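Colleague: just a sequence and a predicted model for now, questions to come.
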Amino acid sequence: MRPIGEVCKTSAGGTPLKSKKEYYEGGKVPWLLSGEIAQGEIYQSSRFITEAGLKNSSAKIFPVDTVLVAMYGATAGQVGILRFRSATNQAVCGIFPNDKLVSKFVYYALLSKKEELITKAVGNAQPNISQAKVKKTEIPVLSICQQERIVAILDEVFAGIDVAIANTEKNLTNARELFESYLDTVLTNKGNSWVDTTLGAEINLITGFPFKSKCYTDSDQSIRLLRGDNIIQGSLRWDGVKKWPKSNVDTFLDYQLREGDVVLAMDRPWVKAGLKHAQLNKDDLPCLLVQRTACLRGGDNLENRFIFYLISGRTFIQHVLGSQTGIGVPHISGKQIKSFKFVKPPLSEQRSIIKMLGTLALKRQCLASVYQRKLSALNELKQSILQKAFTGELTAETTNHAKKTTEEVIAA
């Protein structure tokens, strides 16, 4: 076992000054961000810089077969291998190829060390793995013949697992899209007694208060603060929640949330995983609404659960994407939320729709749970094989067992 820094040359990337348009506009030099490293084998970049940007920054062109490690933020510890010449930002460490190590072997070795790399990250807001820590990470140094043999075995086994993962992810996506398609059909198939209206005419919209962070507390005598970070796709997460002293709650009664309230993140309301919205249940209470977060509370003629399904639909998401402003952090305003047009059924029909969609949503969740379990099992299998490969335990029996396990997971 040898530290990477003793057997390979490494370098971090760089970022040209953002204030210099000439470093970016019309650029043709591929420039990877750390979030793109998780692709595994990387064949293209979505961003480019100019030759001037490359020359006037610490960015540099990494050669083909450079192994990349993401060092900052949520992607810290991700590993990729470059299949074309490209620069990267400073949040990426490049491990250059040489004649003593097969690049794919180094890539697999670091994949087996992924959890170890993640545990080395320091910092709360922006976890950071330094280049020095990457260089100190030990990998086995074997003969080229041995390295190539291990790579060939892993390539063969992982090919089957990756196909199974791709098919499972497709099934998961199909289940979600089928529900979304049916949801849109139900919400736009206007009945005889349905009326055209807007959210602004039907709801009480509350936007949060800018609570001072210096007054946050960890005391037991506190109340949770609901921020945009606590809202994900269809539900809430309370890990890392900020709290406010109960002794100072009466001043903010207008921002106290109720069971059944629908909430929407106003900063970056839509991400790749979906719209950041949720409906509160009694276990989420009590809590106070923080700025840049909206509460959509139904009036006398609009059920809260109907609002939840309404904003879950593609029509509202398209409205958000077409209305939001800001480049770095896209934002939607209360006025833009209120301007959303829809057709409202009578209360009796709303309740029937809610019941029907609730049944379908439950079935979809059951399917999603099955597919998520399969994905977890397949990813755990890959990690188990990697561990065996780099502790000298990879045998024909291991690979045959992996293939059989993959088939069993798919069939389950």
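Modeller: Great, that's in hand.
Colleague: residue contacts, the most centrally placed residue in the chain?
Modeller: In the chain, the C-alpha nearest the mean C-alpha coordinate belongs to A273, at 6.3 Å (CA atoms, centre = their mean). The contact partners of A273, taken as CB atoms under 8 Å, 6 or more residues apart in numbering, are I232, Q233. C-betas here are computed from N, CA, C, even on glycine.
Colleague: so which helix or strand takes in the closest residue to L172 other than its chain neighbours?
Modeller: Spatial nearest neighbour of L172, excluding adjacent residues (CB to CB, 6 or more residues apart in numbering): Y371 at 4.2 Å. Y371 is part of helix 347-389, with elements assigned from DSSP states H and E.
Colleague: next SSE after that helix?
Modeller: Following helix 347-389 toward the C-terminus (DSSP H and E): helix 396-411.
Colleague: which secondary structure elements does that following helix contact?
Modeller: Counting contacts by 3 or more CB pairs under 8 Å, 6 or more residues apart in numbering; DSSP states H and E, helix 396-411 packs against helix 144-188, helix 347-389.
Colleague: and that helix, what's buried?
Modeller: For helix 396-411, the neighbour count (16 or more other CB atoms under 10 Å) marks T398, T399, A402, T405, T406, V409 as buried.
Colleague: I figured the first one was touching L386, is that so?
Modeller: Meaning T398. No: taking contacts as CB atoms under 8 Å, T398 lies outside contact range of L386: 11.1 Å.
Colleague: mind listing the shared neighbours of those two?
Modeller: Going by CB under 8 Å, 6+ apart, no residue sits against T398 while also sitting against L386.
Colleague: the residue nearest to L172 against A175, yeah?
Modeller: Yes: using CB under 8 Å, Y371 is in contact with A175, at 7.1 Å.
Colleague: quick one: pLDDT of the closest residue to I353 other than its chain neighbours?
Modeller: Closest residue to I353 apart from its sequence neighbours, by CB to CB, 6+ apart: V186 at 5.9 Å. Note on V186: pLDDT of 92.
Colleague: return the residues in contact with P3.
Modeller: K135, K136, T137, E138.
Colleague: where does the prediction get shaky in the stretch 301-412 of the chain?
Modeller: Applying pLDDT under 70 to the stretch 301-412 of the chain flags the ranges 327-328, 412.
Colleague: now do 90
Modeller: 325-329, 390-412 (pLDDT under 90).
Colleague: out of the contacts of P3, which are inside strands?
Modeller: Using DSSP state E, E138 are the members of the contacts of P3 that sit in strands.
Colleague: pull out the buried members of the contacts of P3.
Modeller: Buried, going by 16+ other CB under 10 Å: K135, T137, E138, out of those.
Colleague: can you redo those as CSV with pLDDT and distance to T198?
Modeller: Listed next are the buried ones among the contacts of P3 as CSV, based on pLDDT from 0 to 100; distance: CB to CB, whole Å:
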residue, pLDDT, distance to T198
K135, 94, 58
T137, 93, 56
E138, 93, 62
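Colleague: I'd like to know which of the buried residues of helix 396-411 is nearest to A201.
Modeller: Nearest to A201 among the buried residues of helix 396-411: V409, at 50.3 Å, using CB to CB.
Colleague: what's near enough to touch the closest one?
Modeller: Counting by CB under 8 Å, 6+ apart, V409 touches A164, K374, A377, L378, L381.
Colleague: for it, give its distance to T75.
Modeller: Distance of V409 to T75, given as CB to CB, to the nearest Å: 26 Å.
Colleague: over to A361?
Modeller: 31 Å.
Colleague: one more: R364?
Modeller: 29 Å.
Colleague: please apply the same query to K133.
Modeller: 15 Å.
Colleague: contact partners for V290?
Modeller: G208, F209, P210, F211, L225, L226, R227, G228, K242.
Colleague: how confident was the prediction at Q147?
Modeller: For Q147, pLDDT reads 94.
Colleague: cool, Q126 as well?
Modeller: Looking at Q126, the pLDDT reads 62.
Colleague: among the contacts of P3, find me the one that's closest to Q233.
Modeller: T137 (34.3 Å).
Colleague: got the contact list for the closest one?
Modeller: Listed by CB under 8 Å, 6+ apart, the contact partners of T137 are P3, I4, L110, K113, E116, L117.
Colleague: how about the first one, phi and psi?
Modeller: So that's P3. Per-residue torsions, P3: phi -60, psi 140 (degrees, to the nearest 10).
Colleague: who is it paired with across the strands?
Modeller: E138 (DSSP bridges).
Colleague: mind checking pLDDT for it?
Modeller: 94.
Colleague: any stretches of the stretch 101-250 of the chain with poor pLDDT?
Modeller: For the stretch 101-250 of the chain, the ranges with pLDDT under 90 are 113-130, 176, 180, 188-192, 218-220, 239-240, 247-250.
Colleague: now T391: phi and psi?
Modeller: Dihedral angles (degrees, to the nearest 10) for T391: phi -130, psi 20.
Colleague: please apply the same query to A59.
Modeller: According to degrees, to the nearest 10, A59 has phi -60, psi 150.
Colleague: before we move on, what about Q291?
Modeller: Taking degrees, to the nearest 10 as the convention, Q291 sits at phi -50, psi 160.
Colleague: now do the buried residues in stretch 220-240.
Modeller: S222, I223, R224, L225, L226, R227, G228, D229, N230, I231, I232, L236.
Colleague: paired strands for whichever strand or helix holds the second one, with orientation please.
Modeller: Taking DSSP H and E as the definition, I223 sits inside strand 222-226. Based on DSSP bridges, the pairing partners of strand 222-226 within the sheet are strand 242-245 (antiparallel), strand 287-289 (parallel).
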